[in-house]
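> Provided below are the primary sequence and the corresponding predicted coordinates.
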Amino acid sequence: MSNYLTHLNSSQRNAVEQTKGPLMVIAGAGSGKTRVLTCRIAQLINQGVDPFNILSLTFTNKAAKEMKERIQDIVGAKAKNIWMGTFHSVFAKILRIEADKIGYPSNFTIYDSDDSKSVLRRIIKEMSLDTDIYKVNLVKSRISSFKNNLVTVKAYNTNLELKTQDDSAQRTQMGLLYDRYVNECFKSGAMDFDDLLLRTNELMFRHPQVLHKYQHRFSYILVDEYQDTNHSQYLIVKALASLNENICVVGDDAQSIYSFRGANIRNILNFKKDYSDIKIIKLEQNYRSTQNIVKAANSVISNNKDQLDKKVWTSNDLGDKIKVNRSITDNDEAFVVASNIFEIKHQEQVSNNHFAILYRTNAQSRSMEEALRKRAIPYRIYGGLSFYQRREIKDILAYFRLVTNTKDEEALRRIINYPKRGIGTSSINRMTVCAQKNGKLLWDVVQNIKTEITGLNSGSINKVENFSILINSFRGMLAEKDAYELALSITKNSGILREYQMDKTPEGISRYENVQELLNGIQNFVKVEKEKSDKEINISLTYYLEEIALITDADETNFDDTLNHVSLMTIHQSKGLEYPYVYIVGLEENLFPSQMSMTSRADLEEERRLFYVALTRAEKRATLSFALTRYRWGNLVDCQPSRFIEEIDDAYLDLTFTNLPKKSTSIVKFDSGLNYDTKVATRNNNSVSDGDLFKLKNSNVFIPKNLKRIRSNSSKVSYNDQKYETGMKVTHDRFGFGIILRLEGNGANKKISVNFTKVGEKTLLAKFAKLNILK
DNA sequence: GGAGGCCTCGGAAGG
DNA sequence: CGAGGCCTCC
């Protein structure tokens, strides 16, 4: 049991044994971070700390679950009592306990992103706002960022900076909109994801005795993935830890890739400022990857300015160099990847699940999928629509939600006429107006439709009444029936099951199966929960909803994981995972780094960290690839190789072609990150010439626009085989007049350096350079 | 009230 | 290109 310490290196051991006081562990990629966290908690428990007094916060439920299991392996069943989970799940639990103090019911609903959007869409419409200015996604992310920075409606209204931002974007009603959204959620007894953190702060700051209670309860606090915490989370941790200061945060600033959703990298960069006697331990030995991979990753990340000083190293084998493939099209790229996997599989007897294909955007999965299918290589795509986000599941959950919390207006609106029961938009609108006029809930109007409303015909009134009777009949069963019995009754008696049963289209069949799966899940839930509790208690639907509200697909036990398939996922999803063979595809400017990151250094650095994450997933071999043309939104577009390839030290690269722009021989200087901010000027304008100017900055091989016509069959490409010679006078469509200085390489890889009068020296690929030779 | 056509928009995604 | 929201027409 106690030999767990012997498997640790000295830094890891220090981190584990340093159980008192503030500690920050900077854990490089593959440095055994999870091991340290689990051992540290085991150590606390072995030292006599009550598991009830340990709070361990993670970023995903999956991580929490895995960690709990690993701790259980060391200390046994008492590990179950540790407060371990995501910020959201732990504080949702606490908020349910303390709900009355902030005016919420303890069975409050948790609105997911779709619910929030739907509420916003409704408010924007009700306020008759211009939907071009008040775009739902934009408004939502803005409100989210207000909340994550603890900017309440009141604070917003006195915040000149934020207001000016909105005013200058014509969003003068933003404050009002924010206010209405907050009220709408509150009125519905609902919290969105950001509320779970914001309301926790509210709870703790307005109720010192509550804060005090939890400060005492959580005498030891651990936070994983600290680099990805936002301001709201930071404040919660700080408040809870301020009494005992037994706080341990673990993270890697180099792997902070979630600032787009509010994560604040300063939390980790500034941690030491918050605690006076802080200890900092760096885990720098990488156990995962080869030397070439580690060093290549280091050379890339060194281009970032904002980072903590550390040196990740490994004593593993040198390994292969990072292979870089170039393809003409995205389909070719996929073909090369699939062929390569096929080859390695057979030559080296490697199984499918040793391979991962990582990409920047989900859209890139399609070509990979096709290529793998052609090679008959089993694969699995991770991500996409989660089970609980599926329409049919959300429909059923909406019934559950309304039955347990009739204030939940989103749920009510979703199902009041689903399945169709003749309560149309006009009836709903009338009831809405009536509710608003009398300051009542929509459900109040529905429930008392006969007395509450005039202007609805008797047929409509009857239909509404039947609906209200239906829902109330379910409500009557809440206390006596368990979650499964009630769920079954709801799906049957609401007509929803029949609806899906009748639909014999493939989608309909799949919907029906999903509903069955949901019901099976509930049945299983009831069974497991009953076994867990010794008492004969009713596992209610309310309890079920509370438990699943924060569950997502990623947490489901993936039985498929044992199946042998190649994994396809975005780089974001790959965080924390590792594979012997990793393919990072689509390494092109404007794709990776993403076009949207080009306007600021901070965003570009995040893209670079993302690339760092991708590269450090590889254990044995990493392969990079890019295409010269790619379909994006139905259009074939030209691509330039990503700057990230150039940023890797040549010593660790193995180019499978000869003329990738090289820093050392670069003629048009590659500016290594100094001028990113100035690029705003060239990128804001989408005109062709500006785009080309930009490309030139990053690549000394200029690949002209006309490549567009080249299709996936590369054998059909006809090269311009004009005979160039040193000293020739030439003209170029864009660069004008110039003199050929020298020729390098042969055949398709022949390069020409030309000194142009207007733009100076350029190196062009002979096969693409459209030079007119002047006699 | 509902089906189908039109229009718009598009990043990554934990809870 | 493809999904989803919205609007129109029946």
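Cool, the structure landed.
> Could you check how far the residue of the stretch 501-650 of chain A found nearest DNA strand C is from DNA strand B?
Minimum separation of the stretch 501-650 of chain A from DNA strand C (Cβ to the nearest atom of the strand) falls at A:Gly634, amounting to 2.8 Å. For glycine as for every other residue, the C-beta is placed from the backbone atoms N, C-alpha and C. As defined by Cβ to the nearest atom of the strand, to the nearest Å, A:Gly634 lies at a distance of 7 Å from DNA strand B.
> How about the residues of the stretch 51-200 of chain A by DNA strand C?
Counting by Cβ under 7 Å from any atom of the strand, the stretch 51-200 of chain A comes close to DNA strand C at A:121, A:125, A:131.
> need those in JSON lines with pLDDT and secondary structure, can you?
Shown next, in JSON lines, are these (pLDDT from 0 to 100; DSSP: H, G, I helix; E, B strand; the rest coil):
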{"residue": "A:Arg121", "pLDDT": "91", "secondary structure": "helix"}
{"residue": "A:Lys125", "pLDDT": "87", "secondary structure": "helix"}
{"residue": "A:Thr131", "pLDDT": "87", "secondary structure": "coil"}
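> which of those has the most neighbours?
A:Arg121 (15 neighbours; other Cβ atoms under 10 Å).
> of all of the stretch 401-550 of chain A, which residue lies closest to DNA strand C?
A:Thr425 (9.3 Å).
> neighbours around that residue, how many?
8.
> How about A:Val300?
24.
> so what's it scoring on pLDDT?
In this model, A:Val300 is scored at 95, pLDDT.
> A:Thr131 contacts A:Ile124, correct?
Yes: taking contacts as Cβ atoms under 8 Å, A:Thr131 lies within contact range of A:Ile124: 6.4 Å.
> For the residue most central in space within chain A, which non-adjacent residue is closest in space?
Most central in chain A under Cα atoms, centre = their mean is A:His572, positioned 5.7 Å from the mean C-alpha point. Closest residue to A:His572 in three dimensions, ignoring its sequence neighbours and counting by Cβ to Cβ, 6 or more residues apart in numbering: A:Ile257, at 6.2 Å.
> quick one, what contacts that neighbour?
The neighbours of A:Ile257, taking Cβ atoms under 8 Å, 6 or more residues apart in numbering as the test, are A:228, A:571-572, A:575, A:606, A:609-610, A:613.
> Restricted to helices, list these.
A:571-572, A:606, A:609-610, A:613 (DSSP state H).
> Just give me the closest of those residues to A:Cys185.
The nearest member of the ones in helices among the contacts of A:Ile257 to A:Cys185, counting by Cβ to Cβ, is A:His572 at 27.5 Å.
> Return the distance of A:Gln291 relative to A:Asp252.
Taking Cβ to Cβ, to the nearest Å as the measure, A:Gln291 and A:Asp252 are separated by 19 Å.
> Count the neighbours of the residue in chain A positioned nearest to DNA strand B for me.
Relative to DNA strand B, the nearest point of chain A is A:Gly424 (0.9 Å; Cβ to the nearest atom of the strand). Using other Cβ under 10 Å, A:Gly424 has 13 other residues around it.
> Much appreciated, bye for now.
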